[in-house]
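Undergrad: Predicted coordinates and the sequence they were generated for:
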Amino acid sequence: MNRVTIYPGTFDPITLGHVDVVERGLKLFDHVILAVASNPGKLPMFDLETRLAMVRETFAQHSNVTITGFNGLLVDLAHQYHATSILRGLRAASDFEYEFQMATMNRRLDADIETAFVMAREDYTFVSSRFIREISSMGGDVSTLVPSPVLKHLQKAFNQS
Ligand code: ADP
């Protein structure tokens, strides 16, 4: 049986914490659909095309990870890819409330789609896209926290060489 899960997020930009969630997901599922939300409400720093490019470069060698952009309902996208679950990561108690609301809303929209949570790796619990953007904008070194394809996009965005 081919078990497909869908991992949605803004990925602004993708971090090694996100990569760890995908790797954990692949222990539970056969295939991960990584869905990059256009999410204009969050005013992302990177446009959708750039966020997709960074994710595609990161998982170029993974035949069991499919990348897509989306701006509609997640449950509709799940049906399109025959995914029976949604994958999300939890770092700390502070993530819980938002994740709980989203999982409950998605269950209301489609009771057949389960949300599965994996716990962040201990050394990535503090890693968030927001901190990556902030530290990088001030010239800090984030090379141990993001996949290497992200570094060049951060340098370009902040005019660093
Ligand atoms: P969203 O805007 O949907 O929250 P994000 O890209 O910020 O998108 O996060 C996508 C998912 O990845 C969320 O479930 C988030 O909790 C999880 N996540 C983000 N960073 C980490 C990390 N360092 N370790 C584990 N999970 C993470």
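TA: Thanks, I have it.
Undergrad: residues from this protein in reach of the ligand?
TA: Contact residues, the chain versus the ligand (C-beta under 6 Å from any ligand atom): 8-11, 15, 17-18, 20-21, 88-89, 91, 95, 120, 124, 127-129. For glycine as for every other residue, the C-beta is placed from the backbone atoms N, C-alpha and C.
Undergrad: Run the chain-centre distance for the strand or helix carrying residue 55.
TA: Using DSSP states H and E, residue 55 sits within helix 48-58. What separates the centre of helix 48-58 from the centre of its chain is 11 Å, taken as C-alpha atoms, centre = their mean, to the nearest Å.
Undergrad: elements contacting it?
TA: In this structure, helix 48-58 makes packing contacts with strand 31-37, strand 65-70, helix 148-157, judged by 3 or more C-beta pairs under 8 Å, 6 or more residues apart in numbering; DSSP states H and E.
Undergrad: Let me know which of those is tucked in deepest.
TA: Compared across those, strand 31-37 shows the largest average neighbour count, a mean of 24 (mean count of other C-beta atoms under 10 Å).
Undergrad: Same list (the helices and strands packed on helix 48-58) but as CSV, adding mean pLDDT.
TA: Converted to CSV, these look like this (pLDDT from 0 to 100):
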stretch, mean pLDDT
strand 31-37, 98
strand 65-70, 98
helix 148-157, 96
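Undergrad: Distance of residue 100 relative to residue 93?
TA: Residue 100 sits 11 Å away from residue 93, going by C-beta to C-beta, to the nearest Å.
Undergrad: List the neighbours of stretch 93-111 that are in contact with it.
TA: The list of residues contacting stretch 93-111 from outside it, by C-beta atoms under 8 Å, 6 or more residues apart in numbering, reads 73-75, 78-79, 86, 88-90, 113-115, 117.
Undergrad: List the buried residues in that stretch.
TA: Within stretch 93-111, the residues that qualify as buried are 95, 103, 106, counting by 16 or more other C-beta atoms under 10 Å.
Undergrad: Likewise for stretch 34-48?
TA: Neighbour counts using 16+ other C-beta under 10 Å place 34, 35, 36, 37, 38, 39, 44, 45, 46, 48 of stretch 34-48 among the buried residues.
Undergrad: For the fifth one, list the residues it contacts.
TA: Contact criterion C-beta under 8 Å, 6+ apart gives 48, 69, 70, 71 as the residues in contact with residue 38.
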